[in-house]
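Trainee: Predicted structure and sequence below. I'll ask about it afterward.
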Amino acid sequence: MEEFLNKNIKYIIAQYPEVGKILERYNIGCTTCSVGSCLLKDIIEIHNLSPEVEAELLYEIERVVFPGKEVKKRPLRQRAVRPQGEIKYSPPIKKLVDEHVLIKRFIALIEPLCALVDSSKEPDFGLILDCVDFIRNYADKYHHLKEEDVLFKRIGEDLDIIKVMLEDHTTGRNHVKQIIEGARAKDKAWVIEHLKGYKELLTQHIKKEDEILYPWIDRGLSTSDVGKLYVEFSEKDASLPDDFQKRYQDFVKQVEDTLNKRR
């Protein structure tokens, strides 16, 4: 089994599809990951499984990988595990989680926005481009680049889980480019397809960060790391115009009000 713990999950699932179903039952969504280069042992570590759950998961996987072999549950591996319940983040990581709040409010508007575009004879493509401005300047330039320029460089861009996050960022930017092209061409279907693609991507991306990546990063940060990250994040924030946060908070509220009036 040690050999399989050191294999990437894409290879394991390709050879043993049932392993993917087992992981899904444990709320580990490796089957939909487009990268799939994480080692099985790292996936287990990252997901903060309790020793009991970890032993049960490995037992189920081992029975699939070695059919016909008598498999026994492994001894519980004693290690520090984050208590279940509300996640407590370090101050710099909490900054990123708080930024997700406004992004999630915007994401919640995409479905009604798409419905409005679809039902309008002359859709307001200017509003779509204003939404692109929010995505590019708040969600991407402000939030994602804080991750890319500071956090991920400190953690290690060569780590598989970080590669997955970076690929999500790239895919999101590609959706945005397509939204712009669709708006300029006044193509409703094109705009709707990529708005919904962006929504689906970011919904899962934020969930992975808030529930898996950020807690895992926090578990490995020293007090010194926390202080340095906080200073670097604060410097990034200080480089922005004074009204930056309020401007985009007001924009999201404005779109919420516009869509509520048209329902």
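Mentor: The structure has been received and is ready for your questions. Numbering: from 1, shown residues only.
Trainee: switch to C-alpha atoms for all contacts and neighbour counts from now on
Mentor: Will do.
Trainee: quick one: the strands in the protein?
Mentor: Secondary structure of the chain by DSSP state E: no strands are present.
Trainee: Low-confidence stretches in it?
Mentor: Confidence mapping of the chain against pLDDT under 70 gives the ranges 1, 30-37, 78-85, 263.
Trainee: tell me the domain ranges of it?
Mentor: 2-65, 91-261 (automatic domain parsing).
Trainee: will you turn these into JSON lines that also has distance to residue 72 and mean neighbour count?
Mentor: Listed next are these as JSON lines, based on distance: least, C-alpha to C-alpha, whole Å; neighbours: other C-alpha atoms under 10 Å:
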{"stretch": "domain 2-65", "distance to residue 72": "7", "mean neighbour count": "16"}
{"stretch": "domain 91-261", "distance to residue 72": "29", "mean neighbour count": "16"}
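Trainee: So which of these is nearest residue 77?
Mentor: The closest of the domains of the chain to residue 77 is domain 2-65. By C-alpha to C-alpha, the value is 5.6 Å.
Trainee: from memory residue 99 sits against residue 143, does it?
Mentor: Yes - counting by C-alpha atoms under 8 Å, residue 99 sits close enough to residue 143 to count as a contact (7.0 Å).
Trainee: got the CA coordinates for stretch 230-238 in CSV?
Mentor: Extracted C-alpha coordinates of stretch 230-238, given in CSV (Å, rounded to 0.1, in the frame of the first residue of the first chain):
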residue,chain,number,x,y,z
TYR,A,230,0.0,39.9,7.6
VAL,A,231,2.5,42.7,6.9
GLU,A,232,2.8,41.8,3.2
PHE,A,233,-1.0,41.6,2.8
SER,A,234,-1.4,45.0,4.5
GLU,A,235,1.1,46.5,2.2
LYS,A,236,-0.8,45.2,-0.8
ASP,A,237,-4.0,46.8,0.6
ALA,A,238,-2.3,50.1,1.4
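Trainee: Show me what it is in contact with.
Mentor: For stretch 230-238, contacts defined as C-alpha atoms under 8 Å, 6 or more residues apart in numbering pick out 91-92, 146, 150.
Trainee: Also stretch 241-260?
Mentor: Residues contacting stretch 241-260 (C-alpha under 8 Å, 6+ apart): 102, 105-106, 109, 112-113, 116, 134, 138.
Trainee: Just send these back as CSV, with distance to residue 205 too.
Mentor: Converted to CSV, these look like this (distance: C-alpha to C-alpha, whole Å):
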residue, distance to residue 205
102, 15
105, 15
106, 14
109, 17
112, 21
113, 21
116, 25
134, 17
138, 16
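Trainee: farthest pair in those residues?
Mentor: 116 and 138 (23.3 Å).
Trainee: For residue 68, give its distance to residue 111.
Mentor: Applying C-alpha to C-alpha, to the nearest Å, the value for residue 68 to residue 111 is 49 Å.
Trainee: What of residue 94?
Mentor: Distance of residue 94 to residue 111, given as C-alpha to C-alpha: 28 Å.
Trainee: try residue 171
Mentor: From residue 171 to residue 111 the distance is 19 Å (C-alpha to C-alpha).
Trainee: try residue 63
Mentor: Applying C-alpha to C-alpha to residue 63 and residue 111 gives a distance of 43 Å.
Trainee: quick one, helices of the stretch 151-263 of the chain?
Mentor: 152-155, 160-184, 188-208, 214-220, 223-238, 244-261 (DSSP state H, counting those that start in this stretch).
Trainee: I'd like the ones you listed as JSON lines, with distance to residue 58 appended.
Mentor: Shown next, in JSON lines, are those (distance: least, C-alpha to C-alpha, whole Å):
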{"stretch": "helix 152-155", "distance to residue 58": "27"}
{"stretch": "helix 160-184", "distance to residue 58": "20"}
{"stretch": "helix 188-208", "distance to residue 58": "22"}
{"stretch": "helix 214-220", "distance to residue 58": "20"}
{"stretch": "helix 223-238", "distance to residue 58": "33"}
{"stretch": "helix 244-261", "distance to residue 58": "45"}
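Trainee: Between these, which one is closest to residue 45.
Mentor: Nearest of the helices of the stretch 151-263 of the chain (C-alpha to C-alpha): helix 214-220, 8.4 Å.
Trainee: Much appreciated, bye for now.
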